[in-house]
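A.B. asks: mind folding the following:
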Amino acid sequence: MPWKISSVFRERLRFVRAALKLRQDFSALCRHFGISRQSGYTWLHRFQREGPTGLRDRSRQPRSSPKRLPAFWQQAIRKLRQRRKHWGAKKIHGLLRRQFPRRQLPAVRTIAKWLPRLCPASVRRRHTRHGPPVSVPPLTVPTAPNHVWTADFKGDFRTGDGARCYPLTVRDLFSRWVLAVRVLPDTRQPAVRRVFGRLFQRHGLPRVIRVDNGPPFGSTGAQGLSVLSVWWRTLGLAVEFIRPGHPEENGAHEQMHRDLKRATARPPAAHPAAQQRRSDRWRNDYNTVRPHEGLGGRRPAEVYHPRPRRYHGAQPVRYPRGWAVRQVRSNGQIKWRGKFRFIGEALAGQPVALRRREPGIYTVRFQNLPLGTLHDRDTGGLRPVRRLRHHKT
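C.D. replies: Numbers count the residues shown, from 1 in each chain. Modelled structure (predicted):
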């Protein structure tokens, strides 16, 4: 009889009693009860050792689990997260290292995996409310040098001495002139800003800079602005973001990256300084020797003759009458109608303007760029706009 028809425990007990009487062949008895000989001997031996209790289901949990986080670390992580609700795995790992310098700590990835289990309420994400949709114009087609610059990081790699390199590349889209290939130790904003500051002083300001949405160029905040792209806008530059997941919108730059990688990173140099010298030699060859089909066989050096817009630093932001102006604090908040409302940390130190859109709703913008809306009934911050990209037909 199949055991799923009746109680499993009762069928096991019936089987054992029949097996102990030995009135028929053991194999035939197992076939009658619909089990294998191995299962039959298992239940028989358990009954002989433990009695009827041995016939009940047992937990399949392993006796030891090498991937399980010890209870000591679970408790330590839970206590830290309860006190520091906005800390992530890296910060918690760093504090544990200071508290327990002589103990072997769990890895950062292990802490990140266990945080949702240990503190589920503290990591629950809130649903983002969006403001009105805004139209994003098509990507600019350059008509002269210094009209559109494209910038990106080529994939990181390690040099022969183990140092990690992040080559930052900047290119004039019209002339194909590679303005810079700088081998940086990381992608943080200060180093990238210094590179662009030197480029602006040497070549002047472009009209548009086109980048992807990743840091340090973009962010997940309103209009995708980061500290770097806000700085660009204060210089009078337009910032164009390609669509997430569409590198073909910066395809010419990606093609240049393939040439750069093939010539300089296969294999990489012995150390970052040597990698920089190798990149400089490649850039000189790319700009002054290599003919380009897109330029009719000419070299970028023959085409790149810009009339530079002078670089004079950030310009003050002015707003028309009728707009209320507020300075964004270092934590990304402004004080509006007696409450602190979050706008975005990328805009820290910058003035934003607000104007009533309808009762209880206020439009927020930076320069001429709409950021979103503030609602009196909300307790949180800005409802960021939804960007809708329109393409040329």
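
A.B. asks: okay, CA-based contacts and neighbour counts for the rest of this
C.D. replies: Fine.

A.B. asks: for stretch 53-67, give the mean pLDDT please.
C.D. replies: Predicted confidence along stretch 53-67 averages 72 (mean pLDDT).

A.B. asks: swap in stretch 96-107?
C.D. replies: Model confidence over stretch 96-107, given as mean pLDDT, is 88.

A.B. asks: pull the distance from it to the chain's centre.
C.D. replies: A distance of 27 Å separates the centroid of the chain from that of stretch 96-107, by CA atoms, centre = their mean, to the nearest Å.

A.B. asks: gap between the two ends of it?
C.D. replies: 11 Å (CA to CA, to the nearest Å).

A.B. asks: what's it in contact with?
C.D. replies: The contact list for stretch 96-107, computed with CA atoms under 8 Å, 6 or more residues apart in numbering, reads 69, 73, 93.

A.B. asks: for the second one, what are its contacts?
C.D. replies: Right, W73. By CA under 8 Å, 6+ apart, W73 lies in contact with P106.

A.B. asks: quick check, it in a helix?
C.D. replies: Yes. Secondary structure of W73 (DSSP: H, G, I helix; E, B strand; the rest coil): part of a helix.

A.B. asks: what about it, distance to R49?
C.D. replies: In this structure, W73 lies at 38 Å from R49, with CA to CA as the measure.

A.B. asks: same question for the last one.
C.D. replies: As judged by CA to CA, H93 and R49 stand 48 Å apart.

A.B. asks: please say which of the two ends up with more neighbours.
C.D. replies: Between H93 and R49, H93 has the larger neighbour count (other CA atoms under 10 Å), namely 20 against 11.

A.B. asks: for the more buried one, give me phi and psi.
C.D. replies: Torsion angles at H93 (phi, psi; degrees, to the nearest 10) stand at phi -60, psi -40.

A.B. asks: just give the closest residue to it, not the sequence neighbours.
C.D. replies: The spatial neighbour of H93 that comes closest, neighbours along the chain excluded (CA to CA, 6 or more residues apart in numbering), is V108 at 6.1 Å.

A.B. asks: wait, the one you found touches G88, no?
C.D. replies: No. The pair V108 / G88 is not scored as a contact, 9.4 Å apart, by CA atoms under 8 Å.

A.B. asks: tell me where the stretch 51-200 of the chain has helices.
C.D. replies: Per DSSP state H, counting those that start in this stretch, the stretch 51-200 of the chain carries helices over the ranges 71-83, 89-99, 108-118, 189-203.

A.B. asks: follow-up on the earlier one: just put the contacts of stretch 96-107 in a markdown table and tack on distance to R355.
C.D. replies: Supplementary listing: these in a markdown table, determined by distance: CA to CA, whole Å:
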| residue | distance to R355 |
| --- | --- |
| L69 | 52 |
| W73 | 51 |
| H93 | 44 |
